[in-house]
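**Student:** Sequence first, predicted model second:
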Amino acid sequence: MAELSPVLKQATPVLAARGEGVHLYDEQDRRYLDFTAGIGVTSTGHCHPRVVEAAQRQVGTLIHGQYTTVMHRPLLRLTERLGEVLPDGLDRLFYVNSGSEAVEAAVRLARQATGRQNIIAFQGGFHGRTMGAGALTSSGTKVRSGIGPMMPGVAFAPFPETYRHGWSETEAVRFALGELDQLLVTVSSPRDTAAIIVEPVLGEGGYIPAPPEFLAGLRDRADRHGILLILDEVQTGVGRTGRFWGHEHAAIRPDILITAKGLASGFPLSAIAAGQELMSRAWPGSQGGTYGGNAVAAAAAVATLDVVRDENLVANAAEQGSRLREGLHKVAAEHPVIGDVRGLGLMLANEFTTPDGQPDTTTATRAHAAAAERGLLLLTCGPHGNVVRMIPPLIVTADQVDEAVGLWSQAVHDAVSA
Ligand code: PMP
């Protein structure tokens, strides 16, 4: 009898049978509050009726029209709808299936457009598990360990981290930008540097928001040296941070933006957006793939964007995010093992630390498991796995936030008294 490979590490023993809104149900019909949203994917909640209806209709009409052979209406409609929410000037799009593929596509685009090879990424960043995206990832050695050599031409600069170093934001930004400037002199000359790729909030790396001055500093270096700035909005896009795009908190302009996860409410789809002039420097036919921009996924994405607009989900993410943050701060105030509560919008995290400031992975793991036992599904992150994050669907209500905070408080109590 075949079994699933242990390379797929499952964080909880839950066998999901169905999903509805912010809830998942197992095969015994036990209900869980899903504050993972499938790693932020089910932005409109599980099986939102409008997304289900759009996908069902599309399945009965045209499942697949390979976009390098024939075009189809759902992808044109999606492109039009994304045009309404993307920053000005990012008006050329193409599609693939996952965040990792979109990262790889952005790298190919940047290299072709600039004729340069190197990419600067950040320590603690996560961009995927494929060989190219993995080469840009440093948030956990498990993604890279034992599979090298990785794609060459990648240099890592430090990300501004206040909590870890006990620094103010200004100090952290000054250090990180100083190191980046040094890197551009010693390791990757601007003449060889195609792009800088950055997440508006370090995701897998521990839910650390990039300070606005840091992103502005990157924009400045990019402009000064003709380097492209790639914003990896795979985790932060489509309202997650309380703005439509995570980089809006810094009011900067990306050259290339990539989005995935929340875009199609669970269907595999990712988009790469850039300006017309930049896209025209890439070679036609050098991007895309068999399933990219699948018609059902595209129809689900159009419905997702409609739901996000019609149900004011970006504003809801900001509002419920503040409420959740307040609740998490109260829990942290009762439990010194939670050293930091941080994040943006509905992308929030609790960092567990020992009294001497070291990562407390044991208690974080216990709290994560205790929450699942009590019916609250969460995720861990950070290089040490000592950060417990909360990313509910954007439709979450105040009552559900309060319920989750109550369960979290009990779970942390369970974990510290174990
Ligand atoms: N970029 C970021 C910021 C991510 O968080 C992830 C996934 N966690 C990826 C890229 C890779 O996406 P995927 O798993 O869809 O390949």
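**Tutor:** Looks like it arrived, so ask away. Residues are numbered from 1 along each chain as shown.
**Student:** Between the two ends of stretch 201-216, how far is it?
**Tutor:** Start and end residues of stretch 201-216 are separated by 14 Å (CA to CA, to the nearest Å).
**Student:** and it with the ligand, contact?
**Tutor:** Yes. Looking at stretch 201-216 against the ligand by CB under 6 Å from any ligand atom, the contacts come from Gly203, Glu204. Bear in mind the C-beta positions are built from the backbone N, C-alpha and C, glycine included.
**Student:** What average pLDDT does that stretch get?
**Tutor:** In this model, stretch 201-216 carries a mean pLDDT of 97.
**Student:** right, and the helix or strand after the longest helix along the chain?
**Tutor:** With residue count as the measure and DSSP state H as the assignment, the chain has helix 313-334 as its longest helix. Helices and strands here follow DSSP states H and E; after helix 313-334, the next one along the chain is strand 338-344.
**Student:** In the protein, what residue comes closest to the ligand?
**Tutor:** Taking CB to the nearest ligand atom as the measure, the chain has Gly99 as its residue closest to the ligand, at 2.2 Å.
**Student:** give me every residue that touches that residue.
**Tutor:** By CB atoms under 8 Å, 6 or more residues apart in numbering, Gly99 lies in contact with His127, Gly128, Ala133, Asp232, Val234, Gln235, Ile258, Ala260, Lys261, Ser270.
**Student:** Quickly note the distance from it to Glu277.
**Tutor:** 25 Å (CB to CB, to the nearest Å).
**Student:** Let me see the ranges of the helices in the stretch 251-400 of the chain.
**Tutor:** Counting by DSSP state H, counting those that start in this stretch, the stretch 251-400 of the chain forms helices over residues 276-280, 295-310, 313-334, 361-373, 398-417, given from the N-terminal end onward.
**Student:** Can you tell me which of those helices is most buried?
**Tutor:** Greatest average neighbour count among those goes to helix 295-310 (a mean of 24), per mean count of other CB atoms under 10 Å.
**Student:** and the angle for that helix with helix 313-334?
**Tutor:** 80 degrees (axes from the mean of the first three to the mean of the last three CA atoms, to 10 degrees).
**Student:** picking that back up, now do the longest helix of the chain against strand 338-344, angle only.
**Tutor:** Relative orientation of helix 313-334 and strand 338-344, computed by the same axes, to 10 degrees: 170 degrees.
**Student:** So for helix 313-334, mean pLDDT?
**Tutor:** Confidence over helix 313-334, taken as the mean pLDDT, stands at 98.
**Student:** swap in stretch 290-300?
**Tutor:** 96.
**Student:** can you check stretch 352-367 too?
**Tutor:** 97.
**Student:** again with stretch 76-86
**Tutor:** Confidence over stretch 76-86, taken as the mean pLDDT, stands at 98.
**Student:** Point out the residues in the stretch 201-350 of the chain that sit beside the ligand.
**Tutor:** By CB under 6 Å from any ligand atom, the residues of the stretch 201-350 of the chain that approach the ligand are Gly203, Glu204, Asp232, Val234, Gln235, Ala260.
**Student:** Just to check, the second one is in contact with Gly140?
**Tutor:** Yes. Glu204 sits in contact with Gly140 when judged by CB atoms under 8 Å, with a separation of 6.8 Å.
**Student:** Helix or strand with the lowest mean pLDDT in this structure?
**Tutor:** Evaluated with mean pLDDT, DSSP states H and E, the helix-and-strand set of the chain has its lowest mean pLDDT in helix 37-40, which scores a mean of 91.
**Student:** Spit out the contact partners of the residue lying closest to Asp306 once chain neighbours are set aside.
**Tutor:** Taking CB to CB, 6 or more residues apart in numbering, and ignoring the residues beside it in sequence, Asp306 has Arg50 as its nearest neighbour in space, at 6.7 Å. For Arg50, the set of contacting residues under the criterion of CB under 8 Å, 6+ apart consists of Thr44, Ala303, Asp306, Val307.
**Student:** measure the third one to Leu313 for me?
**Tutor:** It stands for Asp306. Asp306 sits 11 Å away from Leu313, taking CB to CB as the criterion.
**Student:** Measure how buried Val22 is and give me the count.
**Tutor:** Neighbour count of Val22, defined by other CB atoms under 10 Å: 24.
**Student:** And it, how far from Ala315?
**Tutor:** When distance is defined by CB to CB, Val22 is 17 Å away from Ala315.
**Student:** Near Ser145, how many other residues are there?
**Tutor:** Counted with other CB under 10 Å, Ser145 comes out at 8.
**Student:** For the stretch 101-250 of the chain, which segments count as strands?
**Tutor:** Assigned strands in the stretch 101-250 of the chain, in chain order: 118-122, 154-157, 193-198, 201-202, 208-209, 228-232 (criterion: DSSP state E, counting those that start in this stretch).
**Student:** closest one to Thr241 among these?
**Tutor:** Set against Thr241 and scored by CB to CB, the strands of the stretch 101-250 of the chain come closest in strand 201-202, at 6.4 Å.
**Student:** contacting residues for the nearest residue to Asp255 once chain neighbours are set aside?
**Tutor:** Once flanking residues are discounted, Asp255 sits nearest to Leu228: 4.2 Å by CB to CB, 6+ apart. By CB under 8 Å, 6+ apart, the contact list for Leu228 reads Ala110, Ala113, Thr114, Ala194, Ala195, Ile196, Ala222, Asp255, Ile256, Leu278.
**Student:** Are any of the residues you listed buried, and if so which?
**Tutor:** Buried residues within the contacts of Leu228, defined by neighbour count using 16 or more other CB atoms under 10 Å: Ala110, Ala113, Thr114, Ala194, Ala195, Ile196, Ala222, Asp255, Ile256, Leu278.
**Student:** With pLDDT as added columns, please give these in TSV.
**Tutor:** Supplementary listing: those in TSV, determined by pLDDT from 0 to 100:
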residue	pLDDT
Ala110	98
Ala113	97
Thr114	98
Ala194	98
Ala195	98
Ile196	99
Ala222	98
Asp255	98
Ile256	98
Leu278	97
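**Student:** Identify the farthest-apart pair in the residues you listed.
**Tutor:** The distance between the two most remote of the buried ones among the contacts of Leu228 (CB to CB) is 14.7 Å, for Ile196 and Leu278.
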